[in-house]
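In: Structure for this input, please:
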Amino acid sequence: MSTHAEDDVIAPISVEDSPASSPVAPAPNADRAVASRTRAFDTPRLARQFADQGAFLYLEDFLAPEVTAQLIQSAHGLLDEVNRNYLPGHKQGGSVSRHTIDRLAPFIAELYRSKELIGWLEQLSGDKLQLSPADDPHAYALYYYTRAGDHIGWHYDTSYYDGRRYTLLLGVIDESSCRLDYELHTRNPDVPDQPGSVQIPPGGLVFFDGDKLRHRITPAGANEMRVSLTFEYVTDANMRPWRRLISNMKDAIAYFGFRQVFRQMTHRRKDRA
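Out: Down below sits the predicted model:
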């Protein structure tokens with residue numbers, strides 16, 4: 001079931017709590033902002049931690065403050081574009097796809113394509129990463145939890161591509177009780193499952209192999225707001241036709257709506273003709 005989000009009741013974020021409450025400066029340079037953070041990290045140590053945890057890493061403080069402020073501004077500016085979905089027993093919430101982001105929040109696309117960011121993620125994963133194809137609405141997307149009960153149940157970020165798909169989850173707004181619950185090593189029979197739970201603050205990061213991490217977002221309470229941004233990177237951008245059909249149907253039903261997914265595909269076919 002898919003609906004629009006115009007009747008969401010959003011609690012205001014206080015001046016003290018939000019870096020976006022003051023006038024927002026022009027969008028920062030994504031590469032410079034990422035480099036200012038990653039060059040201060042002990043990346044070899046983080047790469048070992050990522051591997052030891054079965055391709056999972058959480059950092060409470062990752063984004064530069066000016067980047068976080070820009071993302072918060074974008075998240076508020078896109079509220080009228082949110083497509084809401086309800087799948088009984090599994091999911092309730094809202095989403096904004098990369099196609100809408102491309103039109104209305106281009107800084108997010110710039111951050112997704114940042115060579116500094118991709119290079120650092122390659123050091124963590126040990127893989128050569130590629131951008132998701134231009135017709136993939138999940139390449140970068142915003143996810144909104146703005147009504148009581150908004151959540152997503154236990155799942156994997158299953159890759160329909162021939163290679164692996166890595167998820168980078170960035171905290172944008174968190175005025176909520178929602179938590180990311182997860183289980184490590186569920187695909188490795190030689191290592192016991194390891195449960196964990198984090199509440200991702202604005203500017204926080206979670207990076208993981210989508211096929212290896214079982215996870216969920218716990219339900220939001222009344223008058224709460226949580227917005228997260230995800231980037232998807234792949235190791236092989238090829239997708240077989242039957243898998244593409246499954247992926248497109250899932251995106252249309254569970255996330256972005258049929259109009260957003262299939263109209264965008266039609267436009268891209270016309271552009272190639």
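In: For the stretch 101-250 of the chain, which residues score under the pLDDT cut-off?
Out: 240-250 (pLDDT under 70).
In: try 90 this time
Out: 134-138, 155, 157-163, 210, 237-250 (pLDDT under 90).
In: Which residue ranges of it form helices?
Out: Taking DSSP state H, counting those that start in this stretch as the criterion, the stretch 101-250 of the chain carries its helices at 106-112, 115-125, 241-251.
In: Could you check how far residue 93 is from residue 235?
Out: To residue 235, residue 93 is 28 Å away according to CB to CB, to the nearest Å. For every residue, glycine as well, the C-beta is placed using N, CA and C.
In: meant to ask about residue 59
Out: Taking CB to CB as the measure, residue 59 falls 22 Å from residue 235.
In: again with residue 113
Out: For residue 113 relative to residue 235 (CB to CB), the value is 17 Å.
In: now do residue 84
Out: Residue 84 is 32 Å from residue 235, by CB to CB.
In: What backbone torsions are found at the nearest residue to residue 122 once chain neighbours are set aside?
Out: Once flanking residues are discounted, residue 122 sits nearest to residue 129: 5.4 Å by CB to CB, 6 or more residues apart in numbering. Residue 129 adopts backbone torsions of phi -100, psi 140, taken as degrees, to the nearest 10.
In: Neighbour count: residue 93 and residue 235, which is higher?
Out: Applying other CB atoms under 10 Å to residue 93 and residue 235 shows that residue 93 carries more neighbours, namely 27 against 17.
In: In three-state terms, label that one for me.
Out: Here residue 93 is recorded as strand under DSSP: H, G, I helix; E, B strand; the rest coil.
In: isn't the residue nearest to residue 122 right next to residue 117, touching?
Out: No. Using CB atoms under 8 Å, residue 129 is not in contact with residue 117; the gap is 9.7 Å.
In: and the two? which has more neighbours close in?
Out: Using other CB under 10 Å as the criterion, residue 129 and residue 117 rank with residue 117 on top: 22 against 19.
In: Who's the closest spatial neighbour of the more buried one, skipping the chain neighbours?
Out: residue 34 (4.7 Å).
In: quick one: contacts for the spatially most central residue of the chain?
Out: Note on the chain: the residue nearest the mean C-alpha position is residue 230, at 1.3 Å, using CA atoms, centre = their mean. Contact partners of residue 230, counting by CB atoms under 8 Å, 6 or more residues apart in numbering, are 138, 140-141, 143, 167-170.
In: burial measure for the residue nearest to residue 117, as a count.
Out: 23.
In: my read is it is in a strand, agree?
Out: No. Residue 34 is assigned helix when assessed by three-state DSSP, not a strand.
In: which ones are touching it?
Out: With CB under 8 Å, 6+ apart as the criterion, the residues that contact residue 34 are 64, 67, 111, 114, 116-117, 120.
In: can you pull the contacts of residue 60?
Out: The contact partners of residue 60, taken as CB under 8 Å, 6+ apart, are 201, 204.
In: Model confidence score at it, please.
Out: pLDDT for residue 60: 97.
In: Would you mind measuring from residue 156 to residue 184?
Out: The spacing between residue 156 and residue 184, counted by CB to CB, is 12 Å.
In: Which of those two has more residues huddled nearby?
Out: Neighbour count, other CB under 10 Å: between residue 156 and residue 184, residue 184 has more, with 22 against 16.
In: Quickly note the distance from that one to residue 35.
Out: 29 Å.
In: One more: residue 185?
Out: According to CB to CB, residue 185 stands 32 Å off from residue 35.
In: cool, residue 41 as well?
Out: Taken as CB to CB, the span from residue 41 to residue 35 is 11 Å.
In: neighbour count winner among these two?
Out: The neighbour count for residue 41 versus residue 35, taken as other CB under 10 Å, is higher for residue 35 (18 against 14).
In: Tell me how far the nearest residue to the more buried one once chain neighbours are set aside lies from residue 140.
Out: Spatial nearest neighbour of residue 35, excluding adjacent residues (CB to CB, 6+ apart): residue 116 at 4.6 Å. Distance of residue 116 to residue 140, computed by CB to CB: 16 Å.
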